[in-house]
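**Student:** Fold the following.
(one chain, ligands or ions: 3)
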Amino acid sequence: MAHRIVTLPGDGIGPEVLGAALGVLDEVGSFEYEEHPLGGVSIDAHGTALTEETLAACKQAESVLIGAVGGPKWDTTDPDKPRPEQGLLNLRRELKLYANLRPVRALPALYDSSPLKREVIEGTDLIVVRELTGGLYFGNRGRNGDSAYDTSTYSVAEVERIARAGFRAARTKVTSVDKANVLETSRLWRETVRRVHAEEFSHIPLEYGLVDAIAMQLVTSPTSFDVILTDNMFGDILSDEAATLPGSLGMLPSASIGDPGTPGIFEPAHGSAPDIAGQGVANPLAMIMSTALMLRHQFSMETEAAAIESAVDQALEAGLRTADLGGSATTAEATRAVLDNLQK
Ligand code: NAD
Ligand code: IPM
Ligand code: MN
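**Tutor:** Ligands and ions are numbered 1, 2, ... in the order given. Now for the predicted structure:
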């Protein structure tokens, strides 16, 4: 039976990269797609970034693929106006997708596309494991006269479950990243990670780091990391920084998962790239590799996931470069190159 997938193309380059990825997905299996609006397009059509219909469809699906949301058209500092990003955040919360996995590999073919020196990035293979439904993103916020506030809260149970996800993803070690020298949530984070480690994962080496220093080490010695386990806000920032390692945000896939058997969201880590939207030049590889993560994590289709990843590698080895990687291949040409390698 075909797997039932809800697709949410969203805004900007979202529909361009998602369309490319579905072509690749159809090459390795049988899938049924049901498309719904999310983000700016949903605000335009329905006045809200996430409608009840879209939410219900996602809850009933086996899995969800998202392009990207947001753009200048909907940018506002008015807290009473809807924002595209709110749709994505509500969806993550409603689907209880507390674990966000962002694998970062520096591919030999792209060593020279990174702004960092080859000898620094050579062999980089890490995963940012980001807590996705708590912290600063979901705490109380508001305005009081001429001041504004955002609050960060974590419970022991929230830290325990993301810590377990981090340890399970580890191959050689876990680096837990916080700001325990300042923040109370970070002190709870650190003591909880320490306890989960001692009780359940003591065979895996565990290190702790402060986020400011880790931000520096991520670009000076990226090969010293395996799993970077961190909270929602720090994980957002560190994962975009980590995109310098493969050479572009257009190379960073992302899997957001909850409890086993529930639908996850698979989407590139990048946004809607308003600066290049509509030109057909977006790099579709992050989106394509996100579908590989869906096959692996949602459908246990490891063979097909690996086939897509290896087709991406081979296309790059053969010289495929979109504009963000310093080349001139279009979205369609990049997709064709991946498909050609998949069909070999
Ligand atoms: P962005 O990730 O959209 O773009 C940052 C830079 O990277 C731009 O120069 C863009 O052209 C480039 N880039 C990103 N993806 C690319 C790709 N696949 N191929 C080639 N180049 C690519 O970040 P931004 O400009 O800060 O944000 C734009 C909008 O996207 C904002 O509204 C933001 O909130 C939203 N956003 C959405 C998501 C999401 O839907 N998951 C993620 C991040 C940002
Ligand atoms: C991401 C994005 C989102 C986030 C935005 C669009 C809400 O930047 O997926 O990394 O901050 O989580
Ligand atoms: Mn981000």
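
**Student:** how far away is R105 from S114?
**Tutor:** The gap separating R105 from S114 is 12 Å, by Cβ to Cβ, to the nearest Å. C-beta: built from backbone N, CA, C; applies to glycine.

**Student:** I should have written A198 there, sorry.
**Tutor:** 37 Å.

**Student:** who has more neighbours, these two?
**Tutor:** Applying other Cβ atoms under 10 Å to A198 and S114 shows that S114 carries more neighbours, namely 23 against 10.

**Student:** Isn't the more buried one up against P108?
**Tutor:** No. Contact criterion Cβ atoms under 8 Å: S114 and P108 do not qualify, at 11.4 Å.

**Student:** per-residue confidence at the residue nearest the centre of the chain?
**Tutor:** Centroid-nearest residue in the chain: S254, 2.8 Å away (criterion: Cα atoms, centre = their mean). Here the pLDDT value assigned to S254 is 98.

**Student:** where along this structure do the strands fall?
**Tutor:** Applying DSSP state E to the chain gives strands spanning 3-10, 31-35, 63-68, 99-105, 125-131, 141-144, 147-150, 174-178, 206-210, 227-230, 253-257, 265-268.

**Student:** Which of these sits closest to ligand 1?
**Tutor:** Evaluated over these, closeness to ligand 1 peaks at strand 63-68, with 3.7 Å, by Cβ to the nearest ligand atom.

**Student:** Are the closest one and ligand 1 in contact anywhere?
**Tutor:** Yes. Using Cβ under 6 Å from any ligand atom, we find that strand 63-68 touches ligand 1 at A68.

**Student:** Identify the residues contacting S63.
**Tutor:** Shown in contact with S63 (Cβ atoms under 8 Å, 6 or more residues apart in numbering): H3, R4, I5, V6, P263, G264, F266, M294, Q298, F299.

**Student:** F31 versus the second one, what's the distance?
**Tutor:** Taking Cβ to Cβ as the measure, R4 and F31 are separated by 8 Å.

**Student:** Could you tell me how many residues sit around the residue of the stretch 51-200 of the chain found nearest ligand 1?
**Tutor:** Closest residue of the stretch 51-200 of the chain to ligand 1, Cβ to the nearest ligand atom: G70 (2.3 Å). Residues near G70, counting by other Cβ under 10 Å, number 23.
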